[in-house]
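Undergrad: Turn this into a model:
(one chain, ligands or ions: 1)
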Amino acid sequence: MADATANSGSWSAFLKSIASFNGDLSSLTAPPFILSSQSLTEFSSYWATHPPIFTAAAAESDPAKRAMLVLKWFLSTLKHQYASRSEQFGNEKKPLNPFLGELFLGSWNDEAGKTTLISEQVSHHPPATAYCIRNEKTGVQLEGYNAQKASFKSTIIVKQIGHAVLTIPVGSGDSKELERYLITLPSLHIEGLIFGAPFVELDGSTTITSSSGYSAKIDYSGKGWLSGKKNTVIATVFPTDNEKEVLYNVTGQWTKEFEIYEGPAKKNSKSTLVSVYDAAGTSQSELKLEPLEKQHPLESRRAWSKVAEAIQKSDMDTVSIEKTKIEQAQRLMRAKENAGNHTWERRYFKAATEDETLTLLGKAAGVPLDGDKDKTGGLWRFDAEKAAKADAEQLNDEQVAEIEKELLGQ
Ligand SMILES: CC(C)CCC[C@@H](C)[C@H]1CC[C@H]2[C@@H]3CC=C4C[C@@H](O)CC[C@]4(C)[C@H]3CC[C@]12C
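TA: Okay, the predicted model is just below:
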C-alpha cells in the first residue's frame, strides 16, 4: 500500500490502460513497483511444492480414496499457485513474459525421494507453458500446459486454457496399471486493483476426472459470495456417472484450512471427518536449482538475470534496455524461422495430434479432444526421448555464447 500511494500517478494511468486492453496479458505495461523478476515458466513448480502429498495416492489401494487423495493434493497446491506472491510481497505482481524456448528446471529431494521439474515455454503466440513433474520412487507424473485469456469487467478476469494429466501407477509388482486424472484449471480475477494492492481470487468450478471411474468437482468463491469468506472452496468426490452419490466432501479455505469428510456435506460431523489440511502450516519442500553458471543459457533465472537484478534495484532504464535485447533477438529468430520455413524445436515437449487421456476422459471433463490447440499453440505432451537427448547434451563455452547472442541478444 505504501508503494501504491507513492506511485499513485503511475497506478491510475495503469488502471486506465487496462480498462481498454485487448485480452493479451503480456501486452500490459505495469508500473515498476508491480513488476516481478519471476517469469511465468517458474509457476509450474507450484504443482509440487509438497512432493509427499503429490505422491500420496500411489500408496493407496482403494480407488475412491485415491481420488480423494488426488483432490487433497490438488487443493494443497492452490495456496502456492495463487496466493504465494501476494503473501510474499504484499500484493500480486506482474510476472515476466517468457520467451519461446525458455526453461525452468529443478528438483525436490525429500521424504518422497527425488521429484524433477521440467517447465518450458512451448508457444509464444499465444503464450503457453508446458510442464512435466515426475517422482522417481512412485512413478507419479504430472504433465500439462496452460495459456491465459484475460478480459476486463470492473477488474481483470482471467480464464485459464489448458489442462493437466496426473498419472499414477497402481497395483502391485509387474501388474501395475497407469491410472489417469484429467484436471481442469480455475478461472480467476484480480481483487484490490483500485487500492493498488492486487491479489488473486478464484472463481467458478473445475473438475478432476479419473480413469478409475471416480471424479471430483471443486467450487470456488470469495468474500460476499456463498460463505462470505475469501478463498472459499467446497468440493465433492463421486462416481463419474453419478454426481449425486457423494463419497467425500471438502469444505474450507484454500489459503488457510480445509476439512475432508466422508459422505455428503449434510452428514458432516466429527465422526465423518477424514482429515484436516492446514495450508498455512504445512511447510513446503525447497526446489533446488543449478547455480546460474551451470544452467542452460535458456533457463529462466540465467536468461533473465540482468533484468531481474535491475528490477530488484528499481532501475527501470536498465530493465527496459535488457528486456529489449531479449525481445529483439526473439523477434529476429521468429522472422528467420518464417523466412526459412522452419519452426523452433521444443526441447522437452511435442505437439500431439491426439491423446489417449483426452480421448478417454475429455468428454466427461469438458476438455476438447484437440486440447484447445488453437488457443495454446498445440496439444503439448512430454517427449521422453527428447528429454533424454536434452539432458545428455553438454554445451561448450562457445556454444553457450552463441545461444546467448542469437536468442537473448547478449
Ligand atoms: C498484478 C496485476 C495488476 C497485473 C496482471 C498480472 C497477471 C498477468 C497475473 C496475476 C496472477 C497470475 C496468475 C497466477 C497463477 C497462475 C497459476 C499458474 O499455474 C499458471 C499461471 C497463472 C494463471 C498466473 C497467470 C498470470 C496472472 C494472471
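Undergrad: Over to the residue of the chain most remote from its centre. Which of the three states is it?
TA: If you look at how far each residue of the chain sits from its centre, by CA atoms, centre = their mean, the farthest one is residue 271, at 35.4 Å. The local conformation at residue 271, judged by DSSP: H, G, I helix; E, B strand; the rest coil, is helix.
Undergrad: separation between it and the ligand?
TA: For residue 271, the distance to the ligand equals 36 Å [CB to the nearest ligand atom, to the nearest Å]. For the C-beta atoms, the positions are set from N, CA and C on the backbone; glycine is no exception.
Undergrad: now the strands for the stretch 151-300 of the chain?
TA: Taking DSSP state E, counting those that start in this stretch to define them, one finds strands in the stretch 151-300 of the chain at 156-170, 177-184, 187-191, 199-203, 205-210, 214-221, 232-239, 248-253, 257-262, 273-278.
Undergrad: out of these, nearest to residue 90?
TA: strand 199-203 (9.1 Å; CB to CB).
Undergrad: Please look at residue 197 and residue 90 and confirm they touch.
TA: Yes: the pair residue 197 / residue 90 is scored as a contact, 6.7 Å apart, by CB atoms under 8 Å.
Undergrad: Flag every residue of the stretch 151-300 of the chain that's near the ligand.
TA: 156, 158, 160, 190, 198, 200 (CB under 6 Å from any ligand atom).
Undergrad: run the last query once more with 8 Å
TA: Those residues of the stretch 151-300 of the chain that sit near the ligand, judged by CB under 8 Å from any ligand atom, are 156, 158, 160, 185, 188, 190, 193, 198, 200.
Undergrad: can I get those residues in CSV with pLDDT and neighbour count?
TA: Shown next, in CSV, are those (pLDDT from 0 to 100; neighbours: other CB atoms under 10 Å):
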residue, pLDDT, neighbour count
156, 93, 20
158, 96, 18
160, 98, 15
185, 98, 17
188, 98, 21
190, 96, 18
193, 90, 19
198, 95, 21
200, 98, 21
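Undergrad: any chance of those in a markdown table, plus distance to residue 228?
TA: Shown next, in a markdown table, are those (distance: CB to CB, whole Å):
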| residue | distance to residue 228 |
| --- | --- |
| 156 | 23 |
| 158 | 23 |
| 160 | 25 |
| 185 | 25 |
| 188 | 19 |
| 190 | 20 |
| 193 | 21 |
| 198 | 21 |
| 200 | 18 |
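Undergrad: So if we follow the domain assignment, how does the protein break up?
TA: Domain segmentation of the chain under the TED database yields 1-291, 292-406.
Undergrad: More neighbours: residue 197 and residue 90, which one.
TA: Neighbour comparison, residue 197 and residue 90: the larger count goes to residue 197, with 17 against 14 (by other CB atoms under 10 Å).
Undergrad: Once you drop chain neighbours, what's closest to the more buried one?
TA: residue 91 (4.4 Å; CB to CB, 6 or more residues apart in numbering).
Undergrad: where does the one you found land in three-state SS?
TA: coil.
Undergrad: ok, now which ones touch residue 140?
TA: Residue 140 makes contacts with 54-55, 57-58, 134, 166-169, as judged by CB atoms under 8 Å, 6 or more residues apart in numbering.
Undergrad: Could you list the low-pLDDT ranges of the stretch 151-300 of the chain?
TA: Low-confidence segments of the stretch 151-300 of the chain (pLDDT under 70): 225-227.
Undergrad: do that again at 80, thanks
TA: Within the stretch 151-300 of the chain, the stretches with pLDDT under 80 are 173-174, 224-227.
Undergrad: Pop out the phi and psi values for the nearest residue to residue 177 once chain neighbours are set aside.
TA: Of all residues not flanking residue 177 in the chain, residue 171 sits nearest, at 5.3 Å (CB to CB, 6+ apart). Dihedral pair for residue 171: phi 100, psi -180, per degrees, to the nearest 10.
Undergrad: Could you count how many residues lie near residue 171?
TA: Around residue 171 there are 11 residues (other CB under 10 Å).
Undergrad: Beta-bridge partners for the residue in the stretch 201-350 of the chain that the ligand sits nearest to, please?
TA: Per CB to the nearest ligand atom, residue 202 is where the stretch 201-350 of the chain lies closest to the ligand, at 9.6 Å. Beta bridges link residue 202 to residue 188, judged by DSSP bridges.
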